[in-house]
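Visitor: quick one: sequence plus predicted model below, questions after.
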Amino acid sequence: MSGTMPAAGESPVLADEAHSVEVLESEVAFAGKVWDIRRERFAYGDSTLVREFVEHPGAVAVLAVDEQSRVLLIQQYRHPIQSRDWELPAGLLDVEGEDPLEAARRELAEEADLTAEHWEPLVTVHTTPGGSDEVIPIFLASRLSPAAEVYAREAEELDIVLRWTPLDEAVEAVLAGRLRNGILVAAVLAAHARRTRG
């Protein structure tokens, strides 16, 4: 078996580890409408590697849960996968200096016309660490009420569909492969694990 093993008797905490390398060259290979593709050449051990990745501003997502333990799912069109997938209210961190929790509040109001009295971190995910630097904190929102304002939606959000689903049903759909949105999968399974552990 390859890799570095902990020394006998060690009990390290299982956690991702920050690790910086010397970046020899960095450039925007493609400047896009929403995000860019960055190309970097860097030293790694005795090698020099070149990698391209999506340079992402980051995003937030919200798992909203009502008093019946139902979770709010939204369905909207996603062009790269040619599908109307079920996902969570979410959005880019594209407002300069905006706190992720405030962005989550904004997205819940804009996409679901809801506010929440109680907020807590649920889980944080790197969506595709081999191809993007995107990181998404997912918040659990509860004690919900209608937002004071109903937002006008456009583009892919114009025909958005909202659905309240029992958490157990969402878990079953994930495990059966009927729901495949990575952020939704992480949130639903994390919420299920949290509930199971009390």
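Guide: Now that the structure is in, tell me what you want to look at.
Visitor: check which helix or strand covers the closest residue to V123 other than its chain neighbours.
Guide: Of all residues not flanking V123 in the chain, A190 sits nearest, at 4.1 Å (Cβ to Cβ, 6 or more residues apart in numbering). Yep, even glycine has a C-beta here, placed from its N, CA and C like the rest. Per DSSP states H and E, A190 falls inside helix 182-197.
Visitor: and that helix, what does it pack onto?
Guide: strand 59-64, strand 70-78, strand 83-87, strand 114-126, strand 135-146, helix 167-175 (3 or more Cβ pairs under 8 Å, 6 or more residues apart in numbering; DSSP states H and E).
Visitor: can you pull the buried residues of that helix?
Guide: The neighbour-count check on helix 182-197 (16 or more other Cβ atoms under 10 Å) flags I183, L184, V185, A186, A187, V188, A190, A191, H192 as buried.
Visitor: any idea which of the residues you listed is closest to G131?
Guide: Nearest to G131 among the buried residues of helix 182-197: I183, at 15.7 Å, using Cβ to Cβ.
Visitor: who's in contact with the nearest residue to the closest one once chain neighbours are set aside?
Guide: In space, and not counting its chain neighbours, I183 is closest to A61: 5.0 Å by Cβ to Cβ, 6+ apart. Neighbour list for A61: E87, L88, P89, A90, A104, E107, I136, P137, I138, F139, I183, A187 [criterion: Cβ atoms under 8 Å, 6 or more residues apart in numbering].
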